[in-house]
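Visitor: here are the coordinates; sequence isn't available:
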């Protein structure tokens, strides 16, 4: 299958691209920064250096492509960049996909579109109150992007699928909140976490599996799916960090007394039941094994922080 991946040099893309090639797919990557992939062209990989906001580059990348997987996103807090780059880039891709008769457009969104969780586990019917999100502008743009893809399916006959997840990782893991917790432990201080809060982490092997489940599958057209591997509390994560660092300690704080980020206090328990029921998805690893993989990724993050 000929697949275009935008943002193929990012954390999700750089993990996914070589594995899709290994499975026999022909992959084209559109990214502003392709240094990590240079020298690996051929053998199923083609590189197009450029941004999604560059219409000519987009047309070049989409040409002769069967499926577009859109990962590229700025994560900017600047509304002008968000809408002039991210949203215009999405429009460029959708327009080029229609003209090139792409068979499916897969938009990788985010659980931030749900705003603040109202119940758990969170399914795809949960309200999307983007103004309540920890990053409202980002959430608004992602949600608008999802809807735009579905409009293009209806108006231009471009099969579209949306995928939402909360926090992904492969061999490595990042994120400001996680790095802050690691640094607190390395400083020998107490990591405070809200009692009972946590989230559904997604291993990128499961992202790849979910992607394969929806690829050119008519049951996935016009659908939005949550994707996750396992749920874990922040207390468990903090204890992993303290064990890895060999320093620090963990203190749980009741929800009523929690003074930190509301994002950390929320219960981000995403259910993948819809994807399981409709397309047969289930995570590759048992919970205990998946948590060991998370622990290894946190360890690598700690080692990288020490080198900085």
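Guide: It's in. On a predicted model such as this, the values are computed, not experimentally measured, just so you know. Numbering: from 1, shown residues only.

Visitor: so who does residue 202 touch?
Guide: For residue 202, the contacting residues are 165-169, 227-229, by CB atoms under 8 Å, 6 or more residues apart in numbering. (Glycine included, C-beta is placed from N, CA and C.)

Visitor: nearest to residue 5, of those?
Guide: Residue 5 lies nearest to residue 168 out of the contacts of residue 202, by CB to CB, at 14.8 Å.

Visitor: spatially nearest residue to the closest one, not counting backbone neighbours?
Guide: Nearest in space to residue 168, with sequence neighbours left out and distances taken as CB to CB, 6 or more residues apart in numbering, is residue 202 at 4.5 Å.

Visitor: all the helices of this protein, residue numbers only.
Guide: In the chain, the segments counted as helices under DSSP state H are 11-22, 55-62, 79-81, 88-99, 136-156, 176-186, 204-214, 234-245, 262-265, 273-279, 287-307.

Visitor: mind telling me which of those the model trusts least?
Guide: Here the lowest mean pLDDT among the helices of the chain goes to helix 262-265, at a mean of 86.

Visitor: flag every buried residue along it.
Guide: For helix 262-265, a neighbour-count test (16 or more other CB atoms under 10 Å) marks 264-265 as buried.

Visitor: quick one: list the elements packing against that helix.
Guide: Packed against helix 262-265 by the contact rule (3 or more CB pairs under 8 Å, 6 or more residues apart in numbering; DSSP states H and E) you find strand 190-194.

Visitor: now the strand it packs on: average pLDDT?
Guide: Averaged over strand 190-194, pLDDT sits at 96.

Visitor: got the contact list for residue 85?
Guide: By CB under 8 Å, 6+ apart, the contact list for residue 85 reads 51-53, 74, 76.

Visitor: which members of these are classed as buried?
Guide: So, by 16+ other CB under 10 Å, the buried ones in the contacts of residue 85 are 51-53, 74.

Visitor: circling back to that earlier point, out of the helices of the chain, the one nearest residue 251 is which?
Guide: Nearest of the helices of the chain (CB to CB): helix 234-245, 8.7 Å.

Visitor: name the residues that touch that closest one?
Guide: 178, 181-182, 185-186, 191, 193-195, 197-199, 248-250, 252, 264, 291, 294-295, 298-299, 302.

Visitor: give me the angle between that helix and helix 287-307.
Guide: 50 degrees (axes from the mean of the first three to the mean of the last three CA atoms, to 10 degrees).

Visitor: what residues of helix 234-245 count as buried?
Guide: 234-242, 244-245.

Visitor: next one: stretch 155-163
Guide: Neighbour counts over stretch 155-163 (16+ other CB under 10 Å) mark 158-163 as buried.

Visitor: now do the end-to-end distance for it.
Guide: 21 Å (CA to CA, to the nearest Å).

Visitor: residues touching the residue nearest to residue 87 when sequence neighbours are not counted, list them.
Guide: Once flanking residues are discounted, residue 87 sits nearest to residue 141: 6.0 Å by CB to CB, 6+ apart. Neighbouring residues of residue 141 by CB under 8 Å, 6+ apart: 82-83, 86-87.

Visitor: span of stretch 265-278 from start to end?
Guide: Stretch 265-278 end-to-end distance (CA to CA) = 31 Å.

Visitor: do the same with stretch 64-80
Guide: End-to-end distance (CA to CA), stretch 64-80: 32 Å.

Visitor: now do the buried residues in it.
Guide: Those buried within stretch 64-80 under the rule 16+ other CB under 10 Å are 65-74.

Visitor: same deal with stretch 217-233?
Guide: 220-221, 223-233.

Visitor: would you mind measuring from the residue lying closest to residue 201 once chain neighbours are set aside to residue 303?
Guide: What sits nearest to residue 201 in space, not counting adjacent residues and going by CB to CB, 6+ apart, is residue 167, at 5.2 Å. To residue 303, residue 167 is 20 Å away according to CB to CB, to the nearest Å.

Visitor: who's more crowded, these two?
Guide: Neighbour count, other CB atoms under 10 Å: between residue 167 and residue 303, residue 167 has more, with 21 against 11.

Visitor: for that one, give me the pLDDT.
Guide: 96.

Visitor: that one contacts residue 199, correct?
Guide: Yes: with contact defined as CB atoms under 8 Å, residue 167 counts as touching residue 199 (5.8 Å).

Visitor: need phi/psi at residue 125.
Guide: phi -90, psi -10 (degrees, to the nearest 10).

Visitor: what does the one 10 residues further on give?
Guide: Torsion angles at residue 135 (phi, psi; degrees, to the nearest 10) stand at phi -130, psi 80.
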